[in-house]
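**Q** just to be clear, the model below is a prediction. Sequence and coordinates:
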Protein chains: 2
Amino acid sequence: MSPRTYHHPDTDEIAIPRVLFALSEPLRLAMVRVLAAQGETDSLELGPDLPRSTLTHHTSLLRESGVVHVRAQGRKCLISLRTEDLESRFPGLLGAVLDGYERTTDLTDPHP
Amino acid sequence: MSPRTYHHPDTDEIAIPRVLFALSEPLRLAMVRVLAAQGETDSLELGPDLPRSTLTHHTSLLRESGVVHVRAQGRKCLISLRTEDLESRFPGLLGAVLDGYERTTDLTDPHP
DNA sequence: ATCATTGTGCGACTTCTTTCGAACGACAGG
DNA sequence: CCTGTCGTTCGAAAGAAGTCGCACAATGAT
């Protein structure tokens, strides 16, 4: 009946404080890191060990802050980084965050 | 007797999530913007209309997250950005945040 | 049609954040 | 020494955020 729809802020509505806040949460930053490495990803892959409601909470926050794009695919949920939108609005920001994260943390860590 | 001392994290202890969180607060981001424009600044200038305890709270948080350096000068308090430390640890991050902020917000706004 | 899976919304609980007043100590100046 | 200014600390209060169980709707598979 009603397919799942998601609201995404326009590119020019994306605000720096909200983006920084979204990325300041270790869990969400880890999700973003996976998205940057893998591209569009099944939402379950972003937090296999998390309760569903917790996962939804974080993906929603990332979406509403303009960091990720969400689309429904069957019963699943595909998440992708809004790389170009972020780059055009805040050039270099995402790259700096991810680079800084990479050199500080190791992807092979059990608990990043 | 006991001159005011402040603890600052080592450069290699500065963590991205804490920095992003510190910068995600509009008030603190505005303070950082002033620091970037003016260099070392009297703490009172960073929030002339704020209660002292509120100002201390934000400067402490910025200091503990590694964003600013604080030193006592007489009874006053001089704050400066740890530009080089941040640049060496997270290259381009601070610049990207400030540039993105500048193009999104106007310094002449009464309430940025 | 039935069933299992996925995501969402709701509500509750806990913890963290922010804000700010009041009291205190440190400092500079007269 | 006394006074006024500044910064810090403590505590309280309100608000925001994170976590998660549960019920429900939508979807795909059998």
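**A** Alright, I've got the coordinates. Numbers count the residues shown, from 1 in each chain, chains lettered A, B, ... in the order given.

**Q** for chain B, what are the nearby residues on chain A?
**A** Within reach of chain B by CB under 8 Å from any CB of the partner chain, chain A has these residues: A:15-18, A:20-21, A:23-26, A:29, A:89-93, A:95-97, A:99-101, A:104. Yep, even glycine has a C-beta here, placed from its N, CA and C like the rest.

**Q** run through those residues and flag the ones next to DNA strand D.
**A** When contact is defined as CB under 7 Å from any atom of the strand, the residues of chain A next to chain B meet DNA strand D at A:F21, A:E25.

**Q** which residues of chain A score low on pLDDT?
**A** In the predicted model of chain A, residues A:1-3, A:106-112 satisfy pLDDT under 70.

**Q** restricted to helices, list the residues of chain A next to chain B.
**A** Secondary structure assignment (DSSP state H) places A:16-18, A:20-21, A:23, A:26, A:29, A:89, A:93, A:95-97, A:99-101, A:104 from the residues of chain A next to chain B within helices.

**Q** buried only: go through these for me.
**A** With neighbours counted using 16 or more other CB atoms under 10 Å in any protein chain shown, those contain these buried positions: A:16-18, A:20-21, A:23, A:26, A:29, A:89, A:93, A:95-97, A:99-101.

**Q** what's the most distant pair in the residues you listed?
**A** The largest distance within these, taken as CB to CB, falls between A:P26 and A:R89 and amounts to 23.9 Å.

**Q** B:G100 is in contact with A:R89, correct?
**A** Yes - look at A:R89 against B:G100 with CB atoms under 8 Å: they come within range, at 6.9 Å.

**Q** around DNA strand C, which positions in chain A sit nearby?
**A** So far as CB under 7 Å from any atom of the strand goes, chain A lies against DNA strand C at A:4, A:6, A:42-44, A:52-53, A:55-56, A:59-60, A:70, A:72, A:75-77.

**Q** now flag whichever of the buried ones among the ones in helices among the residues of chain A next to chain B is closest to B:T11.
**A** Checking those one by one against B:T11 (CB to CB), the nearest turns out to be A:G100, at 12.4 Å.
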